[in-house]
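>>> can you look at this prediction? I've put the sequence above it.
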Amino acid sequence: ILNVEQSPQSLHVQEGDSTNFTCSFPSSNFYALHWYRWETAKSPEALFVMTLNGDEKKKGRISATLNTKEGYSYLYIKGSQPEDSATYLCALLAGANNLFFGTGTRLTVIP
Amino acid sequence: ETGVTQTPRHLVMGMTNKKSLKCEQHLGHNAMYWYKQSAKKPLELMFVYSLEERVENNSVPSRFSPECPNSSHLFLHLHTLQPEDSALYLCASSQGDPSYNEQFFGPGTRLTVL
């Protein structure tokens, strides 16, 4: 079992604020890093799959960066909206099919 | 809708019951997964099937028995479960190399073992 840590566990931001959170993982076991967004009562939904050191991906107001040498990834949300409220999960792919998930960052955007 | 469905959505069973969870994907994917999420724990991978063959079995107790009859369907057969097996069970599917391709999740089955 690999330890994938996410911080903070939860945060509240005002609508319009930008925010970011961290995913840390053991850098020696890296194949790929996945980010998922999980809204209450819905299915987890993929945001990004990142494989290369220095990778930066963007989808609308959400972006992510990856540092495989030091073992971390940041997820950024610009101009948070209430519909961004969800739990954001990162997962380390450490073998052919084995995804190890963190416990997530629960984001609440206050209107 | 993600293209992955799970039934039932909620299940309550006694420790001596036998039940099955069903997952179906309508995406033409070639890999399917079972995950378990217990309260305040991360999602844990239980089983992986690729091209209908089991490729991962992460030390899951034998009271959980997976079955993948074809690439679109995945079952999790449950028997003599314990109360600590109460959790959310998620199914997912993906196509090709998971290094590059995301997983698509179903809505989950909330299982309560009495």
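Received it, and whenever you're ready, just let me know what you need.
>>> helices or strands up against the lowest-mean-pLDDT helix or strand in chain A?
One helix or strand of chain A scores below all others by mean pLDDT, DSSP states H and E: strand A:99-101, with a mean of 92. In terms of contacts (3 or more CB pairs under 8 Å, 6 or more residues apart in numbering or on different chains; DSSP states H and E), strand A:99-101 is packed against strand A:86-93, strand B:44-50. Yep, even glycine has a C-beta here, placed from its N, CA and C like the rest.
>>> out of those strands, nearest to A:S7?
Across these, A:S7 has its closest neighbour in strand A:86-93 (10.8 Å, CB to CB).
>>> before we move on, the earlier item: where's the least confident helix or strand of chain A relative to the chain centroid, distance-wise?
Relative to its parent chain, strand A:99-101 has a centroid offset of 12 Å by CA atoms, centre = their mean, to the nearest Å.
>>> which residues are in contact with the residue in chain A that chain B sits nearest to?
Among all residues of chain A, A:A46 sits closest to chain B, at 3.2 Å; criterion: CB to the nearest CB. By CB atoms under 8 Å, 6 or more residues apart in numbering or on different chains, A:A46 lies in contact with A:H34, A:W35, A:Y36, B:E102, B:Q103, B:F104.
>>> neighbours of the fifth one, how many?
What that stands for is B:Q103. Residues near B:Q103, counting by other CB atoms under 10 Å in any protein chain shown, number 26.
>>> hmm, back to that, out of the contacts of A:A46, which two sit at the greatest distance?
A:W35 and B:F104 (14.4 Å).
>>> quick revisit: now what about the least confident helix or strand of chain A, what contacts it?
Strand A:99-101 has contacts (CB under 8 Å, 6+ apart) with A:1-2, A:4, A:25, A:34, A:89-94, B:42-45, B:98, B:103.
>>> any of those residues buried? List them.
Applying 16 or more other CB atoms under 10 Å in any protein chain shown to the contacts of strand A:99-101, the neighbour count classes A:4, A:25, A:34, A:89-94, B:42-45, B:98, B:103 as buried.
>>> ok, of these, which one's closest to B:H10?
Proximity of those to B:H10 (CB to CB) peaks at B:L43, which lies at 18.8 Å.
>>> how about the residues of chain B by chain A?
B:2, B:4, B:31, B:33, B:40-45, B:48, B:50, B:55-56, B:58, B:90, B:98-108 (CB under 8 Å from any CB of the partner chain).
>>> where does the chain dip in pLDDT?
Because you didn't say which chain, this covers chain A. Applying pLDDT under 70 to chain A flags the ranges A:1.
>>> you looked at the wrong chain, it should be chain B
In the predicted model of chain B, no residue satisfies pLDDT under 70.
>>> which parts of it are strands?
When secondary structure is read from DSSP state E, chain B shows strands at B:4-7, B:10-13, B:18-25, B:31-37, B:44-50, B:53-57, B:64-70, B:73-79, B:87-94, B:104-105, B:109-113.
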